[in-house]
Structures are given as C-alpha cells and as structure tokens.
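Peer 1: Kindly generate the corresponding structure for this input.
(3 chains)
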Amino acid sequence: MERRIRLRRPADFERVRQEGCSLSHPLLVLVVRPSGFDCTRIGVVASRKIGNAVARNRARRLLRESARHLYPRIASGWDLVLIARPMILRAKEPQVREALALLARQAALLE
RNA sequence: CAGGUCGGCCAGGCGGUCGCGCCCUGCAAAGCAGGGCGAGGAAAGUCCGGGCUCCACAGGGCAUGGUGCUGGGUAACGCCCAGGCGGGGUAACCCGACGGAUCGGGCCACAGAAACAGACCGCCCGGCGAGAGCCGGGUAAGGGUGAAAAGGUGGUGUAAGAGACCACCGGCGCCCGUGGCGACACGGGCGGCCAGGCAACCCCCACCAGGAGCAAGGCCAAGCAGCGGCGAGGUGCGGCCCGCACCGUUCGAGCCGCGGGUAGGCCGCUCGAGGCGGCGGGCAACCGCCGUCCCAGAUAGAUGACCGUCCGCGACAGAACCCGGCUUAUCGGCCGGCCUGGGGG
RNA sequence: GUGGGUGUGGCCUAAAGGCAAGGCACCUGGUUGUGGCCCAGGCGAUUGUGGGUUCGAAUCCCACCACUCACC
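Peer 2: Have a look, this model is predicted:
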C-alpha cells in the first residue's frame, strides 16, 4: 500500500480517533472520519497489548494487506484508522479481509 | 557402539502471481519503465566499554563510583587469550570478586566457663575439717558447648600438666639460592608455635573514571502577547570548595504563578576499529601486508499475502547513530577435536 | 535514550545477618430466636526466579523476570 494514501502525521491519527466513529470486530477496530479531500487515507495501529515487535509487525502487515485488496472498492473522501486486536494473531489474511469488509459495509463505505 | 566433554556452522529450500522501501539510469515533470539492494545470531535486555556530537578553556583539593592473582591482546573494557594458585570430576574438562585481617573501628545470635578473653566439670598441690566437703593456688591433657576454642603422632618431663623440651610430619613468618618477564614453584637455613573468622561491613593499598546524549548537534520554514509576585545573586560542571570567565544588583539576572505560540521539512545517516581470500608473525587472543567487494537506512516506521512442490508443518525473535563484549531466549539439524566404558581385528 | 522505585500467606503492611510478626479475610466453637458486632481457637509463606559470600541470607553481592514512575 503506497505511502501517499497512508495516514502519516500524529495529528491526523489524533483527529480521526477523537472525532471519528468507531466500529468493532473481534479481530480489529475501524475508526472513520471525513477527510475533506477526494482521496481516502488509511492508517494502521498495533499497540503493545498485541505483543512484542514481531507480533505488532505481523498485525500491521495483515491489516495493510487486507486494506490494499479492498481499497479500489472503498468510497473516496474518508480517513480510516485500523486498530489491531490480540485475536488477529491467530487469523490468516482472508479472514482479516472479510472482517474489514464487514465493518466497511456497516459504515456504508463499501457498496 | 554407548555415554560424556569442548568448539564451529545453518536458521526451511525451489518455482509462480500480486504488493512495499531505498539507490542508480532514461524521459521536461507528477509519474512511468529498466536494473540493483533490502533484518539477526541474538537485531533483544540495556549490564559494561569506546567512537561521534555539544557543553568557552584548562588547573588544584576533598568527596563519589568502579575494577581487584600474573603476563599479554585491544580504540577501550567488568571482555578475550595464555599461565599460576585453589576447588570439583575416573578422565577429557569445568568453576573461582583470587590484593590486604600485627593501621584502626565494627560484628560473630543461641549454646557455652570463655568468641579473643578467660576456667564449668575435671586433674594436681597446700590449708581447714571426724566426714561429705569448703577455701587458696597451679594446669589446659581429658569431658561438655558451638560453624569456629592455644597443630598431629610418639617420647622426655612433672605434684598434675602443657612446644616447656626432643624427633618426624603439617602449616605460618623472615632470609638465601635455583628456574620463570611475572604470579609462583622447588630446595636450604633460622624463628617461635603469641592463640580465629568476616573486608560481596566500614576501611587501607594499587589502578581507572569530566558531564550529557543522534529527541546529541546544525540548517530552513511557520507562529506568538504579555501580566502579576518574589528578588541579589545567577550561569558556565555533573557532588562540594578554591580559582577563572560571563550576565546582573537605578534601566531587574534568575525563580514562581497565570496566559499565549509551535510540534513541519532537510542534514547528521551510513565506507566501517568493515566483510571475504591469500601470505607472514605469534602457543593463542590478535596483529601486519597484499588483493578484492560495497552489503538496510526507515520516520505511524519498509520483507507480506496467495498458490504449487519437497522434508520433519520451521524455534527464539524485527535494524532506528555506529562498533567491541557480556547476559538472557531458542524447535531442530550438520561438522570436527578430545575423554571414559564395552566389543571386534 | 537516560535515571530511579517496588516485589513477603487470598488482600494490606512489619521484620540493624540469627525462630518470618500483625491486621483484614477464611474455617471451627461460644454468645444470640436468627444474622452482624464481640470472645476463644485454628488453617494459610519456594520472602519474584537462579546463583554466590557467610557457620547462618527476606536482609549483603551478581545475573534474570514482572510491574511501575520521572525526564528529554
């Protein structure tokens, strides 16, 4: 997933998590807020609760890969933050993608 | 063959599709195309040591902290190598904070007479007493206590005894000789056995250490607003004092409280005490010379997903300025040296 | 990145190198018509883990683990 469509700055993360709406699933949490631009940007978070550095990297990679496959079908003009939950370490990529698609449909971002 | 011990190495492979970061080249550019590179042996814990950067410059004294057999290696070390000594193991081999207890202070619970100073039961002598025994003195062999109580055996000696004396053995101190750079070892002589342990208690001795840390430090851009109180000292060095320098005591350094602004980008940023190969020196750690290679540089933080296939369904685990060590975690596999036991030729 | 702190029964705290103490909780009995309060008795500890120093370690030293705080 290219960096230009990623959330980068700490202030962006702070704004989305303060002002956005959140939807949860056992594997992850999705936070949504209108971006004010045409494009949609996505940020990925794994806290120390997930585990050590290897586990946190694994969780972020799963979320990024799922978002990459779904990105063309997601509506434009939103900022998304994906937060990993501990259960995600036991899942494989298609399950994570399915969970993300479910949350995106609930948020009316996906068809 | 079995068991042990020491050392070194590997860390799923191959093929395909989609995807990520950096660098180079081409195109005028957003970008696209091609090529190259892309986590570890511990990247970890942050327990030590250095490089690098800033703190204006260096000095003296007192503290504080660390290390602790000897020699060597190294940029340096609390690391490594070799050796000595002590301990463990049949052995290969492993382990060791391993300087000083007559400078001084402190501690050694309980038990025990007594924990570094003395005598409870004993033994012996003298006196008293009809006697049991009592009093005074000598003694430290035997008993008892304890983790620890004036070296062991045999003799001489004695009232009873005792290194009081003698022989041998063991330990300690001093002196001399030999070997070794040295720690130390071996041999000889003398001395008295005056008599403990703990310095991972203070301490003494020797050696070492200025402070902070890449959020160091430098550049660019953007933004802002002051007010009130205390006030003669404050800052540069971290602990203190001296010295030196700077700012300040009318125009107010600094501190405290309230309030206001920013949290973007670039450099540092990877070529290094570097890897590999050869030759030479050294027992080794390691060093020198020559050749050759370029091997992550991210900044919400790049290595992943899916499919096929093989083995045994693959552990611990992710660079964040860089190196040298230590320690800890780790499924399993491969190679080699040595030791012990058994069997065969 | 740097520098501190803590770890003791289920919980909260004690303990100058010498038998790990107390309160709450829990259990049993008493008191009461019943429960609480109260009284008596009892159970319950690898002192975070592993080594070392010492005759002897919760205490001293080293390494590790977990939690936690402060600063930039």
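Peer 1: Per-residue pLDDT of the spatially closest residue to A:Phe37 that is not a sequence neighbour, please?
Peer 2: The spatial neighbour of A:Phe37 that comes closest, neighbours along the chain excluded (CB to CB, 6 or more residues apart in numbering), is A:Gly77 at 6.6 Å. C-beta: built from backbone N, CA, C; applies to glycine. The per-residue pLDDT reported for A:Gly77 equals 87.
Peer 1: which parts of chain A sit against RNA strand B?
Peer 2: Residues of chain A lying near RNA strand B by CB under 7 Å from any atom of the strand: A:1-4, A:6-11, A:13-14, A:43-45, A:52-54, A:57-58, A:60-62, A:64-65, A:68, A:92-94.
Peer 1: re earlier: residues in contact with the residue nearest to A:Phe37?
Peer 2: A:Pro34, A:Ser35, A:Gly36, A:Phe37, A:Asp38, A:Cys39, A:Thr40 (CB atoms under 8 Å, 6 or more residues apart in numbering).
Peer 1: if I look at A:His69, how far off is A:Leu103?
Peer 2: 14 Å (CB to CB, to the nearest Å).
Peer 1: neighbour count winner among the two?
Peer 2: Neighbours were counted for A:His69 and for A:Leu103 using other CB atoms under 10 Å; A:Leu103 has more, 22 against 14.
Peer 1: Residues contacting the one helix or strand the more buried one maps to, please?
Peer 2: Taking DSSP states H and E as the definition, one finds A:Leu103 inside helix A:93-106. With contact meaning CB under 8 Å, 6+ apart, helix A:93-106 is reached by A:23-28, A:30, A:62-63, A:65-67, A:69-70, A:74, A:82, A:88, A:91, A:110-111.
Peer 1: in stretch A:12-27, what's buried?
Peer 2: Buried positions in stretch A:12-27, judged by neighbour count with 16 or more other CB atoms under 10 Å: A:Asp12, A:Phe13, A:Arg15, A:Val16, A:Arg17, A:Gly20, A:His25, A:Leu27.
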